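**Student:** need a structure here:
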Amino acid sequence: MTKLTTLDLTPFYRNSIGIDRLFDRIVNQIDSAASTNYPPYDIVRTGDETYEIRVAVAGFVQADIDVEFNNGTLIVKGEKATEQGAEVEYLHHGISGRSFIRTFSVAEYVEVKDAVLADGILTVKLERLVPESQKPKKIAVSYQSPLVA
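**Tutor:** Numbering: from 1, shown residues only. The predicted structure follows:
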């Protein structure tokens, strides 16, 4: 497990307001990500403001997968339904069907647009939609001449 014990974030805290929660979240995400590597995934930028998270979920069907988005966290859960019926004797069992929970921290203004399962890959499509009120804007600077007495 990777532990960030020597990282000094004090300079960042001095120059920003309210960002301490962001750094705590990043450190916690690093700690939890180091503990598991299943299932494998890719994060892909597909445009200026669009992204995809592709999770390899071979052996899972649509009913086995749950995708949830809440408070800036995307949670992908997989739990294989237990098969009732004939017993199967595996000579080699290499396709993992174990349950998993994979979490992703999502930036502000990023919304989940779609989730598609095809060919053993779950693709979650994301788009960053910044409201007009939050976009940068130019502020006109006026000049006032000094009063002459």
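**Student:** Show the contacting residues for the residue nearest to Leu122 when sequence neighbours are not counted.
**Tutor:** Take Leu122 and drop its neighbours on the chain: the residue closest to it by C-beta to C-beta, 6 or more residues apart in numbering is Val55, 4.5 Å away. (Each C-beta comes from the backbone N, C-alpha and C, glycine too.) Applying C-beta atoms under 8 Å, 6 or more residues apart in numbering, we find Val55 in contact with 39-41, 76, 102, 121-122, 124.
**Student:** Now name the helix or strand holding Val55.
**Tutor:** strand 50-56 (DSSP states H and E).
**Student:** can you give me the offset of that strand from its chain's centre?
**Tutor:** Here the centre of strand 50-56 is set off from its chain's centre by 9 Å, with C-alpha atoms, centre = their mean, to the nearest Å.
**Student:** Also stretch 116-134?
**Tutor:** For stretch 116-134 - counting by C-alpha atoms, centre = their mean - the centre lies 10 Å from the chain centre.
**Student:** got the contact list for that stretch?
**Tutor:** Stretch 116-134 has contacts (C-beta under 8 Å, 6+ apart) with 46, 49-62, 65, 67, 74, 76, 106-107, 109-115.
**Student:** which regions of this protein lie under the pLDDT threshold?
**Tutor:** Segments of the chain classed as low confidence (criterion: pLDDT under 70) are 1-10, 12-35, 82-86, 148-149.
**Student:** Bridged to the spatially most central residue of it, which residues?
**Tutor:** Nearest residue to the geometric centre of the chain (C-alpha atoms, centre = their mean): Phe104, 2.6 Å. In this entry, Phe104 is beta-bridged to Leu74, by DSSP bridges.
**Student:** With the one 10 residues further on instead?
**Tutor:** For Asp114, the beta-bridge partners under DSSP bridges are Lys125.
**Student:** What is the neighbour count of it?
**Tutor:** Residues near Asp114, counting by other C-beta atoms under 10 Å, number 11.
**Student:** Tell me where this protein has strands.
**Tutor:** Remark: strands assigned in the chain by DSSP state E are 41-45, 50-56, 65-70, 73-78, 100-105, 110-118, 121-128.
**Student:** out of the ones you listed, which comes closest to Glu87?
**Tutor:** Distance to Glu87, taken as C-beta to C-beta, is lowest for strand 73-78 among those, at 23.1 Å.
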